[in-house]
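quick one, structure for this:
(one chain, ligands or ions: 2)
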Amino acid sequence: MIYTVTFNPAVDYVIHLEDIELGAVNRTESEEIFFGGKGINVSTVLSNLGAENIALGFISGFTGKAIESGLNKNGIKTDFIELENGITRINVKIKSKEETDINGQGPVISHEAISGLLDKLKVLQRGDFLILAGSIPATMPDDIYEKIMERLKDSGSNIVVDATGDLLKNVLKYHPFLVKPNNHELGELFGIEINTEEEIIEYAGKLRQMGARNVLVSRAGDGAVLSAENGEVIKMGVPSGKVLNSVGAGDSMVAGFIFGYLQSGDYRDALKLGTACGSATAFSAGLAEKEKVEELMKIL
Ligand SMILES: Nc1ncnc2c1ncn2[C@@H]1O[C@H](COP(=O)(O)OP(=O)(O)OP(=O)(O)O)[C@@H](O)[C@H]1O
Ligand SMILES: O=P(O)(O)OC[C@@]1(O)O[C@H](CO)[C@@H](O)[C@@H]1O
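Residues are numbered from 1 along each chain as shown. Ligands and ions are numbered 1, 2, ... in the order given. Model (predicted):
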């Protein structure tokens, strides 16, 4: 079974406007609402591809309820823990001349709620996949992913971590199956700016030396580079298309990569499906749908 965990789900409020003026009343040209948060996006794309999975995490208030019922209506299985206080955040994604995200902090997560999640994770067994993705609310210590991995270290499950900074660094010693920083996040981990493919390969290799089994570095419109556990370095560009909304492209790539790997056990196939899913999301208003992914697989 594949499980995703989203500590900090979000209603993504995507607004489109030609220009934005700070300090003035601005009006949108159009807007959309999506049920997001990184793990939830992974669950949605897995489900669109036909891969059974369960979305775990914390929800709260009316926004949390909307996410849960919206996902369930779309056939995505959830087993969220409902928090007693606060509301699940609303993240504003401004699509104007430039793309700007304003992501909320998220509600406080109590110790009891965390214990509840750790209990749910006891079901993980050999061969299962667990995807830990996204930020944690600001009130939480940033060793929570580490704690989860410590508990699961003898379970034989494969853990994927899509997070940044210390949240990511702290888990490397537990040998995650996959980490997926983008090239900027990879640079930030080492306090440098990464510009070239050679630098990506070098620093992805360093993350492997630090413990990650596979390192997938995404580069938006420039594609992705995989430094795989068998020593292979595989590069992949992107198909051409019109970018409509790249929110969740990275999460879609993770979903495609995992499903591709589960189907064939081959890293190139995994990267190809990951790329097709990432680009299918970038070329769609919402997240990647199966039809679009299949269309892009043919031209990759
Ligand atoms: N402009 C684009 N054109 C084509 N494909 C894209 C584009 N942007 C993203 N993709 C696809 O999606 C993958 C992941 O994108 P990106 O590197 O932006 O991830 P990310 O930074 O984690 O994104 P997010 O945080 O929005 O989920 C890329 O490697 C590529 O395959
Ligand atoms: O604040 P985080 O958890 O780092 O990121 C949250 C988020 O930006 O990530 C997803 C896209 O990857 C969106 O659905 C969501 O709003």
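
who are the contact partners of residue 280?
Residue 280 is in contact with 252, 288-289, 292-293, 295-296, counting by CB atoms under 8 Å, 6 or more residues apart in numbering. All C-beta atoms are positioned from the backbone trio N, CA, C, and that covers glycine.

quick check: chain neighbours aside, which residue is closest to it?
If the residues on either side of it in the chain are set aside, residue 280 comes closest to residue 288, at 3.6 Å by CB to CB, 6 or more residues apart in numbering.

neighbours around that neighbour, how many?
Burial measure for residue 288: 29 neighbouring residues, criterion other CB atoms under 10 Å.

try residue 242
When neighbours are counted by other CB under 10 Å, residue 242 registers 6.

how about low-confidence regions in the stretch 151-300 of the chain?
For the stretch 151-300 of the chain, no stretch is flagged by pLDDT under 70.

that one: strands as residue ranges?
158-162, 178-179, 214-218, 224-227, 233-236 (DSSP state E, counting those that start in this stretch).

and the shortest one, does that touch ligand 1?
No: with CB under 6 Å from any ligand atom as the criterion, ligand 1 is not reached by strand 178-179; the gap is at least 11.5 Å.

get me the contact residues on the stretch 151-300 of the chain for ligand 2.
Contact residues of the stretch 151-300 of the chain with respect to ligand 2, defined by CB under 6 Å from any ligand atom, are listed as 247-248, 250-251.

and which of those residues is nearest ligand 1?
Here the nearest of those to ligand 1, counting by CB to the nearest ligand atom, is residue 250; it sits at 2.0 Å.

for PyMOL, what selects the buried ones among the contacts of residue 280?
With 16 or more other CB atoms under 10 Å as the criterion, this PyMOL line picks the buried residues out of the contacts of residue 280:
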select buried, resi 252+288+289+292+293+296
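
most widely separated two among the contacts of residue 280?
Of all pairs drawn from those, the one with the largest separation by CB to CB is 252 and 295; the distance is 14.5 Å.

follow-up on the earlier one: can you tell me which of the contacts of residue 280 is nearest ligand 2?
Using CB to the nearest ligand atom, residue 252 is the member of these that lies nearest ligand 2, at 8.8 Å.

quick one: contacts for the closest one?
Taking CB under 8 Å, 6+ apart as the definition of contact, the neighbours of residue 252 are 41-42, 45, 277-278, 280-281, 287-288.

next one: residue 84
60, 110.

next, it: phi, psi?
According to degrees, to the nearest 10, the main-chain angles of residue 84 amount to phi -80, psi -30.

show the pLDDT at it.
If you check residue 84, the pLDDT there is 94.

any idea how far it lies from ligand 1?
Residue 84 is 30 Å from ligand 1, where distance means CB to the nearest ligand atom, to the nearest Å.

going forward, the N-terminal residue is numbered 19.
That works, and once the first residue is 19, the last one we named lands at residue 102.

from residue 108, how far out is that residue?
According to CB to CB, to the nearest Å, residue 102 stands 19 Å off from residue 108.

any chance of the contacts of residue 270 in TSV, plus distance to residue 177?
Written out in TSV, the entries for those read as follows (distance: CB to CB, whole Å):
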residue	distance to residue 177
59	18
60	13
63	18
295	20
296	21
298	25
299	23
305	22
306	23
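
now the two most distant members of those residues.
Across the contacts of residue 270, the longest distance by CB to CB is 14.0 Å; it joins 60 and 298.

what does this structure have sitting close to ligand 1?
Of all the residues in the chain, those lying near ligand 1 are 200, 236-239, 241-242, 256, 261, 264-269, 271, 293, 296-297, 300, going by CB under 6 Å from any ligand atom.
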